[in-house]
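>>> Sequence plus the predicted model coming up.
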There are 2 protein chains.
Amino acid sequence: MKKHDQDFMKRQNRLTVFEMIKNHHPISRASIAKRTGMSPTTVSRIVGELTEQGYLLNSEQVSAGLGRKSTLLGMVNASVLAVGVELDRTRMSIGVVDLQGNMVCSGKYPRVPEESAEQTLMHIGAAMEELVQQHTIDRTRIVGIGVGLPGIVDNEKGVVLFSVQLGWRNVALAEQLKELTGFEIAVDNELKVKALAEQLKGAAVGSSCTALLGFGNGVGSALILDGEIYRGVMNSAGEIGHTTVDPNGTMCECGKTGCLQTYINISSLLAEANRIRPVGTIEELFEARQAGERWAVQLIERALIYMAITINNVVCMYNPDSVILSGELIDKFPDICDEVEQLYFSRFVWEPLRASFAFRRSMLSEEGVMIGSGLLSQNRFFALA
Amino acid sequence: MKKHDQDFMKRQNRLTVFEMIKNHHPISRASIAKRTGMSPTTVSRIVGELTEQGYLLNSEQVSAGLGRKSTLLGMVNASVLAVGVELDRTRMSIGVVDLQGNMVCSGKYPRVPEESAEQTLMHIGAAMEELVQQHTIDRTRIVGIGVGLPGIVDNEKGVVLFSVQLGWRNVALAEQLKELTGFEIAVDNELKVKALAEQLKGAAVGSSCTALLGFGNGVGSALILDGEIYRGVMNSAGEIGHTTVDPNGTMCECGKTGCLQTYINISSLLAEANRIRPVGTIEELFEARQAGERWAVQLIERALIYMAITINNVVCMYNPDSVILSGELIDKFPDICDEVEQLYFSRFVWEPLRASFAFRRSMLSEEGVMIGSGLLSQNRFFALA
């Protein structure tokens, strides 16, 4: 009954009112009460708190039909900011995100794959300070920092349990970054926050069951149910890259054979390409395909087939109303989405579910993880405050 | 905001109080209020209604410490009964289930695969009447009929959209069976109700995220999240049997190639066995393996490897705390569970999640679908009444 615990209910109600105003402003107290099923007293109390804290505008008076005038509530967008960080093997992106998920400012920074977690965190802290000063951001409005990264994250404790890409194991990221910066820290898997961002303000707005797929240096997925990240018991649901599709297949970095990602991810594709001739980048591989080199045509065709299979498998398992494609491969070669849909859906997506989902490309692309991390940090602030 | 709609809240509160008493009786009103976070007034109102309707015992008075005595509430088990039906290609099972999911009485009946849906429903109605009379069940206590079957079911409308095993498409089962019997009808996919039963009173009691796998004439899965069936948008989440594991694999009955179930389900195994020599039943195949016939050893070894892969893929996608194995193959050859765990987990289950779930065999076996269907029907009754 943890779910129904009173403190939890209070926080949940606060978050519900906050989300309601954020998504439907301008809105009246009465309308919030009606739409949420909360009592008018509870709504008024929460609205009072939020107004006092400077998050709400009691914006205008309108005549509600024949009756008395009612105050409409709006958000002060810049009243709450959060820093969103995307962390990857060779790159860090840092942005400041407002209440609506708009990017106020952002920057990209290189990361040395060999550096320690401590060094990476110091770089994040320094880059963030620089960004905030450079853009004269009101530091007092920043409610926290959200960090999205590839790997298995204990999101409650803010610990990175395991990340092949970063080479980390058991890094107490939240604790260390809080000590460095003084801010509250939220940490999560990159695809989970990216999916949250796409559902809140990207390609899946209005969806009640969104599956986001990421195709890049790894392959993964994330699921958003009724606006919330589906986590599973260890926050590692969605690890479709390590589902096995061939027990006799290629060795995966995880030590198993025939993981789905070995057919699609960039490093696997390059490794196979280099059996034929030296190929340095994924762009070169796609150029070879364009030039009609048969091995490249076949290698990429196989990757696209396995992308269609990934979509099928996600649809069979989660039965979502939306499937969003994202990741470096999709950002660099956006035509992939149409190709996969037109050439391979009819063969590889199970017929009873073929029409059950909207199929779209990520709208937030490279900014998705930053925006999602920032929004996660804000949600945490409003739920806990 | 449908979720927060007032009627929904009322029904949800009623179901919460009901579930609380069912699972924790004897329990006081104050304790229900405390554990659910509901107001004492709301709890008292609901308890009053349920008592009036004959579902509750105001069982005993105990001294609550130094204060005044408090009434403890219990359930009248036999006050609510439901009929649970399992429907399969060649078989129907019908049982009467009480509030705790105990089987009061049950019967098995043959089904002719070629018969029409109308004929099957008439047989269900007749068999049910016979069962009720034979065991002198108080008909007024039966709140509804639940039906579990293989296929894609619109559980809200009670329509079987698609069932390969039954040969049905768009059968308005709930409507037709209600017309025949007069009872309220709940219809759902068999694995979903079986998972519900295992979570409520079988192998996964106490689990907050249960994945049930079914290995038999098909391969499928179901997920129970915080006590509720995870459905997806078309109630067809969990169709792992049609996830593709080999784009060049064997043709599946669905028209795709290389579906996971083609490596495991009974008809596929028998079809492959018959390439070697006539094998009529799955028992014969396992006997051939026992006798050391190499083709049978290999065929079953491959099936067990794909079972381990199924477990891995479910664990990667859902990240559950419990994985329950069920189905005809498991019921007939229960040693399969140990074999799969001991021989194949270390090779085929992704290392970071290998210790993240409890692994068990179904406890309710052949009764699971009947019990789950009955409980589903009761839940519907309490939520809607």
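Cool, the structure landed. Numbering: from 1, shown residues only, chains lettered A, B, ... in the order given.

>>> Any stretches of the stretch 201-350 of chain A with poor pLDDT?
The stretch 201-350 of chain A contains no residues with pLDDT under 70.

>>> in the stretch 51-200 of chain A, which ranges drop under the pLDDT threshold?
A:60-69.

>>> Pull up the residues of it that are close to chain B.
A:I152, A:L161, A:F162 (CB under 8 Å from any CB of the partner chain). From N, CA and C alone the C-beta is placed, and that goes for glycine too.

>>> These in strands, which ones?
Per DSSP state E, strands hold the following members of these: A:I152, A:L161, A:F162.

>>> Return the residues in contact with the first one.
Meaning A:I152. A:V160, A:L161, A:F162, A:S163, A:N189, A:M234, A:N235, A:S236, A:E239, B:P352 (CB atoms under 8 Å, 6 or more residues apart in numbering or on different chains).

>>> Please identify, among those residues, the one with the most neighbours.
A:E239 (30 neighbours; other CB atoms under 10 Å in any protein chain shown).

>>> leaving aside the residues next to it on the chain, what's closest to the residue in the stretch 151-300 of chain A that chain B sits nearest to?
In the stretch 151-300 of chain A, the residue that lies nearest chain B is A:G232 (2.4 Å; CB to the nearest CB). Leaving out its chain neighbours, the residue that sits closest to A:G232 by CB to CB, 6 or more residues apart in numbering or on different chains is B:N319, at 2.4 Å.

>>> From what I see, that neighbour and A:I240 are in contact.
No: checked against CB atoms under 8 Å, the pair B:N319 and A:I240 is beyond contact range at 11.5 Å.

>>> between these two, who's got more neighbours?
With neighbours defined as other CB under 10 Å, B:N319 and A:I240 compare such that A:I240 has more, 26 against 23.

>>> what sits against that one?
Here A:I240 is in contact with A:L213, A:V219, A:G220, A:S221, A:L260, A:T310, A:N313, A:V314, B:C316, B:M317 (CB under 8 Å, 6+ apart).

>>> and it, what are its phi and psi?
phi -70, psi -20 (degrees, to the nearest 10).

>>> start to end distance for stretch A:170-188?
End-to-end distance for stretch A:170-188, by CA to CA, to the nearest Å: 14 Å.

>>> how about that stretch: buried residues?
For stretch A:170-188, the buried set under the neighbour-count rule, 16 or more other CB atoms under 10 Å in any protein chain shown, comprises A:171-174, A:176-178, A:180-181, A:183-188.

>>> do stretch A:80-99 as well
So for stretch A:80-99, counting by 16+ other CB under 10 Å, buried means A:80-88, A:92-99.

>>> first vs last residue of stretch A:225-242, how far apart are they?
Note: stretch A:225-242 ends 22 Å apart using CA to CA.

>>> How about stretch A:312-324?
Termini of stretch A:312-324 sit 13 Å apart (CA to CA).

>>> Same question for stretch A:314-327.
16 Å.

>>> Buried residues of that stretch, list them for me.
Within stretch A:314-327, the residues scored as buried using 16+ other CB under 10 Å are A:314-327.

>>> Centre of the chain to that stretch, how far?
Distance, stretch centre to chain centre, for stretch A:314-327: 14 Å (CA atoms, centre = their mean, to the nearest Å).

>>> the longest helix in chain A is where?
helix A:294-318 (DSSP state H).

>>> Is that one positioned near chain B?
Yes: Helix A:294-318 is in contact with chain B by CB under 8 Å from any CB, via A:I305, A:Y306, A:I309, A:N312, A:N313, A:V314, A:C316, A:M317, A:Y318.

>>> Relative to the helix or strand following that helix, what are the paired strands and their orientations?
Following helix A:294-318 in sequence order, the next helix or strand is strand A:322-326 (DSSP states H and E). If you go by DSSP bridges, strand A:322-326 pairs up with strand A:209-215 (parallel), strand A:358-361 (parallel).

>>> export those strands to CSV and tack on distance to B:E301 and mean neighbour count?
Shown next, in CSV, are the strands paired with strand A:322-326 (distance: least, CB to CB, whole Å; neighbours: other CB atoms under 10 Å in any protein chain shown):
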stretch, distance to B:E301, mean neighbour count
strand A:209-215, 33, 27
strand A:358-361, 38, 17
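
>>> Out of those, which gets nearest to B:V147?
strand A:209-215 (25.1 Å; CB to CB).

>>> A:S106 sits in which helix or strand?
With DSSP H and E as the criterion, A:S106 is inside strand A:103-110.

>>> Give me the sheet partners of that strand and which way each runs.
strand A:91-97 (antiparallel).

>>> Run through the residues that contact the closest residue to chain B within the stretch 251-385 of chain A.
Closest residue of the stretch 251-385 of chain A to chain B, CB to the nearest CB: A:N319 (2.4 Å). Residues near A:N319 by CB under 8 Å, 6+ apart: A:C209, A:L353, A:S356, B:R231, B:G232, B:V233, B:M234, B:N235, B:S236, B:A237, B:G238, B:E239.

>>> So the last one is in contact with A:W350, correct?
Which is B:E239. Yes: at 7.0 Å, B:E239 counts as touching A:W350 under the criterion of CB under 8 Å.
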